[in-house]
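> Next input, structure requested:
(chains A and B)
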Protein chains: 2
Amino acid sequence: MNPIVRRAAVIGTGSIGASLAVAARKAGAIGHVIGVGRGRANLAHAIDSGLVDEVSENPFAAVADVDLVVLATPVDSATQLLPALVAAAPERAIFTDVGSVKQPIVEAAVKCGVAERFVGGHPIAGGTGTGAIAADVDLFRGRTVVLTPTPEVAAGACAIVREVWAAVGARVVEMTAARHDEVVALTSHLPQFVAFALCASVGRSGEIDPALFGTGFRDTTRLALSDHDMWLAIAELNRESILQAMDRFASLWLELRAAVAVGDTAALRRIFQEARDRKARLSA
Amino acid sequence: MNPIVRRAAVIGTGSIGASLAVAARKAGAIGHVIGVGRGRANLAHAIDSGLVDEVSENPFAAVADVDLVVLATPVDSATQLLPALVAAAPERAIFTDVGSVKQPIVEAAVKCGVAERFVGGHPIAGGTGTGAIAADVDLFRGRTVVLTPTPEVAAGACAIVREVWAAVGARVVEMTAARHDEVVALTSHLPQFVAFALCASVGRSGEIDPALFGTGFRDTTRLALSDHDMWLAIAELNRESILQAMDRFASLWLELRAAVAVGDTAALRRIFQEARDRKARLSA
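Purely as a prediction, here's the structure:
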């Protein structure tokens, strides 16, 4: 069986890029993968472990003769790199990405004139490590990948990106980039900012014996060690939706505070129940 | 070796009460334990599984000839029950409890005239189930128990309660009830309310495919299924410290929101770092 894509470049061989490279190669979905990165040790690991077929430190040379370009760098770099990659790649090349914010990259694609062959993507799958060393051939198995095709995208380009994701075991859903960014502001960015704020506000309240923190605090703040650069970029790129989500949270917080202050049992029960209902629907 | 306590009544044979009963009996710290509860099936399990030596549905009869009374009911019931238990118990009986809020029960003890023989306690250990069936002889091993003796407590009473906890493997720390309540408002009650608010505010934002919630949201909202009655009681009993903690969080939230709104990278980095520092000190 022929591969879905003959030759692809994966720009950024971190855990997501390297996982997609190895999974797509093993599944026979991509015939030849060039892994592009800046860290030599990371690239050496990628090639030595057979995650990719070839490595390169030069993204523009790497895309010269490929059918698919996968942007798997940090979200802000992907948007910055796109125009020069479009110029360096053949006109047949389809572009996709794996970033967790979709409107800026989709807008950049339209601006570069590749709206017909750019399919934004976001796998809802987080590895536990960073770099090619954290690559996992099964990272996307059973996970969801959101694609955000614009009305301009050629049906063939969209089908190819869908098929590659399906080949590595992911379930593909489609929505607009705007809706995606609104949704992840609630499901991913808001919990991250809540964890930062919870941990920082307790941090400002003086020293407390670590033994007095139970498992509740530990779980609720697991995200507090997340990468700062990544979250600065996300805060910048998804600002409007994040602010909206933060304001929704703030309004609930005021409501909860008022109910605690006056001992309004009915209001507290209602909020507790809304929380339980939303939580229960996650596992339904 | 003689037991530390000859005869004790544990009022409330839920997971904490039953775990303490079985652990203290196995360790030889308490000679005879009467488990008191209202649910017949639960009491039957407690006696049939050898968690306690004797069961009773009548707390007042149960304490008639004991040396130690352990209040292990929900926090609000403990405060309500205390006066009648003091009246029913012999004058030699020492009282302690396991509630997660300490000022109201300590105040109740002072009011009942048992300040000399009441030692408030709070094990920082949560079981995963409820009822005697969730009893775990090792629940307190390596965990911390906070005792909140008042200046009026007799040294002997305090020593006995400490020794019982040490015998079941816990590490005992002492602080005032006021400091305890301030600390748990930050380390336990605040994360709980954050989880309720996060889940409820996302719940109000319309339906979202469960597959679009990553592990971050799931961990940050693990507490959202917590028991409502317990948290209504805690909100009532520790109102002032909870409001103070909520206001600290709200002020951090406003600061974070302002930094996101204007893209103040330095302010965002500072908050992210404060969060990381606090989190890192938990495992230090």
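
> And the pLDDT for residue A:128?
For residue A:128, the pLDDT comes out at 67.

> can you list the residues of the stretch 51-200 of chain A near chain B?
Taking Cβ under 8 Å from any Cβ of the partner chain, the part of the stretch 51-200 of chain A that reaches chain B is made up of A:124-126, A:143-144, A:146, A:171, A:173, A:183-184, A:186-188, A:190-200. (Glycine included, C-beta is placed from N, CA and C.)

> from those, which would you call buried?
Using 16 or more other Cβ atoms under 10 Å in any protein chain shown as the burial test, those include A:124-125, A:143-144, A:146, A:183-184, A:186-188, A:190-200 as buried.

> Filter these down to just the ones in helices.
A:183-184, A:190-200 (DSSP state H).

> Among those, which one lies nearest to residue B:282?
Using Cβ to Cβ, residue A:199 comes nearest to residue B:282 of those, at 9.1 Å.

> Wait, that closest one touches residue B:271, no?
No - using Cβ atoms under 8 Å, residue A:199 is not in contact with residue B:271, being 9.4 Å away.

> and the lowest-mean-pLDDT helix or strand in chain A, which residues are buried?
In chain A, no helix or strand scores lower on mean pLDDT, DSSP states H and E than helix A:215-220, which sits at a mean of 94. Across helix A:215-220, burial judged by 16+ other Cβ under 10 Å covers A:216, A:217, A:218, A:219, A:220.

> of those, list those near chain B.
Within the buried residues of helix A:215-220, those near chain B by Cβ under 8 Å from any Cβ are A:216, A:217, A:218, A:219, A:220.

> which residue sits closest to the residue in the stretch 1-150 of chain A that chain B sits nearest to, ignoring its sequence neighbours?
Evaluated by Cβ to the nearest Cβ, the stretch 1-150 of chain A has residue A:144 as its residue closest to chain B, separated by 3.9 Å. Distance criterion Cβ to Cβ, 6 or more residues apart in numbering or on different chains; nearest residue to residue A:144, sequence neighbours excluded, is residue B:211 at 3.9 Å.

> list the contacts for that neighbour?
Neighbour list for residue B:211: A:124, A:143, A:144, A:171, A:173 [criterion: Cβ atoms under 8 Å, 6 or more residues apart in numbering or on different chains].

> okay if I get the residues you listed as TSV plus pLDDT?
Listed next are the contacts of residue B:211 as TSV, based on pLDDT from 0 to 100:
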residue	pLDDT
A:124	94
A:143	95
A:144	96
A:171	97
A:173	97
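
> Among these, which are located in strands?
A:144, A:171, A:173 (DSSP state E).

> quick one: residue A:200 and residue A:234, what's the gap?
Separation of residue A:200 from residue A:234 (Cβ to Cβ, to the nearest Å) stands at 17 Å.

> Also residue A:85?
Applying Cβ to Cβ to residue A:85 and residue A:234 gives a distance of 21 Å.

> Who has more neighbours out of these two?
Taking other Cβ atoms under 10 Å in any protein chain shown, residue A:85 and residue A:234 do not tie; residue A:234 has more neighbours (26 against 22).

> Does that one lie in a helix or a strand, and which?
Using DSSP states H and E, the element containing residue A:234 is helix A:228-237.

> so where's the stretch 151-284 of chain A shaky on pLDDT?
Residues of the stretch 151-284 of chain A that meet the criterion pLDDT under 70 lie in A:284.

> In chain A, which residue is most central in space?
Centre of chain A computed as the mean C-alpha position; nearest residue by Cα atoms, centre = their mean is residue A:100, 3.2 Å away.

> quick one: what helix or strand has the residue nearest to that residue when sequence neighbours are not counted in it?
Computed as Cβ to Cβ, 6+ apart, the closest residue to residue A:100 that is not its neighbour in sequence is residue A:122, at 5.7 Å. Taking DSSP H and E as the criterion, residue A:122 maps to strand A:121-123.

> how about low-confidence regions in the stretch 1-150 of chain A?
Applying pLDDT under 70 to the stretch 1-150 of chain A picks out residues A:127-128.

> And the helices in chain A?
Along chain A, counting by DSSP H, helices occupy A:15-26, A:40-48, A:59-62, A:75-88, A:103-111, A:155-167, A:177-184, A:190-203, A:215-220, A:228-237, A:239-262, A:265-283.

> just these: most buried one?
Of all the helices of chain A, helix A:190-203 has the most neighbours on average by mean count of other Cβ atoms under 10 Å in any protein chain shown, namely a mean of 27.

> next one: it to chain centre, how far?
21 Å (Cα atoms, centre = their mean, to the nearest Å).

> Likewise for stretch A:37-50?
Here stretch A:37-50 shows a centroid-to-chain-centroid distance of 22 Å under the convention Cα atoms, centre = their mean.

> For that stretch, C-alpha coordinates in PDB please.
What follows is stretch A:37-50, C-alpha atoms only, in PDB (Å, rounded to 0.1, in the frame of the first residue of the first chain):
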ATOM      1  CA  GLY A  37      15.300  21.100  14.900                       C
ATOM      2  CA  ARG A  38      17.900  23.300  16.400                       C
ATOM      3  CA  GLY A  39      19.200  21.100  19.200                       C
ATOM      4  CA  ARG A  40      21.900  18.800  17.800                       C
ATOM      5  CA  ALA A  41      21.600  16.200  20.700                       C
ATOM      6  CA  ASN A  42      17.900  16.100  20.200                       C
ATOM      7  CA  LEU A  43      18.200  15.600  16.400                       C
ATOM      8  CA  ALA A  44      20.900  12.900  17.000                       C
ATOM      9  CA  HIS A  45      18.500  11.100  19.300                       C
ATOM     10  CA  ALA A  46      15.700  11.400  16.700                       C
ATOM     11  CA  ILE A  47      17.700   9.800  13.900                       C
ATOM     12  CA  ASP A  48      19.600   7.300  16.100                       C
ATOM     13  CA  SER A  49      16.400   6.000  17.600                       C
ATOM     14  CA  GLY A  50      14.700   5.700  14.200                       C
END
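
> Tell me which residues are up against that stretch.
Around stretch A:37-50, the neighbours that count as contacts under Cβ under 8 Å, 6+ apart are A:12-14, A:18, A:21-22, A:35, A:51-52, A:54-55, A:57, A:131-133, A:135.
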